[in-house]
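Enquirer: coords please:
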Amino acid sequence: MEDGFFNLKSLREQVYEYLKIQLNEGKLEHGAFLNLNAISAEMGISKTPLRDALFQLEAEGFVTIYPRRGVKVNVLSLEKIRNIYQILGGLEGAVLVEVAVKFHKKDVDGMENYNEEMKAALENNNFELFYSRNLDFHNVYLELSENSDLLRTVRILKERLYDFPRSKGFIKEWEVVSTGEHDKIIDFLRRGDFNGAADYIRDVHWSFSVQERFIRRYYFGLASQPVTR
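Expert: Model (predicted):
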């Protein structure tokens, strides 16, 4: 693959997307140092666009660059997940309150339709559809926000949770609970209680303590134990 191949996007963007795909597919192992020479040779590029892409990945929390040592793929630890849940709960709750004046019946109808598709996907063991519709459900209200910095933060944090690498299976008990929580969010919104919906998203749906038993099983296959601080 030669530098000239990348004619639609910058080299940095193309290399960044390539590395994200490798992370998503689990080809870049957590905790391992990257072989930059091998990556450059495989892609047929110089170190400059690779370095620029790695700076972006570091800023987003996917890797850490150690001067004179190399670039290490970050581990998604239980403590990191706890922090991400707290941030997402606060941000998504804030968005719901912010967009209340823009929110219409068609929006909550759309959320309900997505949630019903999630339930059907569970019945059919269709993980990819479940995953996609789960993002669609939350994006109904997120995309009403004009705060591009907030939306970018939410997107990156969800990529850290879901695409690092992306799991191919369910913990069905958790997914059933999740769609039930979606039903409660929908009920709040149909009643026009945006503050109640925001509180529920923050204190239940994105609460690490509420979801911890599932998080431990999904990410680590562990029973519930205290989080190391």
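
Enquirer: Show me the shaky parts of the protein.
Expert: 1-8, 222-229 (pLDDT under 70).

Enquirer: Could you list the domains of it?
Expert: Per automatic domain parsing, the structural domains of the chain span 3-73, 78-220.

Enquirer: just the strands in this protein please.
Expert: 63-66, 70-73 (DSSP state E).

Enquirer: who's in contact with the first one?
Expert: Around strand 63-66, the neighbours that count as contacts under Cβ atoms under 8 Å, 6 or more residues apart in numbering are L34, L54, F55, L57, E58, V71, K72, V73, N74. Where you see a C-beta, it was placed from the backbone N, CA and C, and this is true even at glycine.

Enquirer: With mean neighbour count added, can I get the domains of the chain in JSON lines?
Expert: Compiled in JSON lines, the domains of the chain are given as follows (neighbours: other Cβ atoms under 10 Å):
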{"stretch": "domain 3-73", "mean neighbour count": "15"}
{"stretch": "domain 78-220", "mean neighbour count": "17"}
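
Enquirer: roughly how far is the longest helix seen in the chain from the heart of the chain?
Expert: Ranked by residue count, the top helix of the chain under DSSP state H comes out as helix 78-98. Centroid separation between helix 78-98 and its chain, computed with Cα atoms, centre = their mean, to the nearest Å, is 11 Å.

Enquirer: go on, stretch 24-32?
Expert: Going by Cα atoms, centre = their mean, where stretch 24-32 is centred and where its chain is centred differ by 16 Å.

Enquirer: what packs against the longest helix of the chain?
Expert: Judged by 3 or more Cβ pairs under 8 Å, 6 or more residues apart in numbering; DSSP states H and E, helix 78-98 is in contact with helix 127-142, helix 148-162, helix 194-200, helix 208-215.
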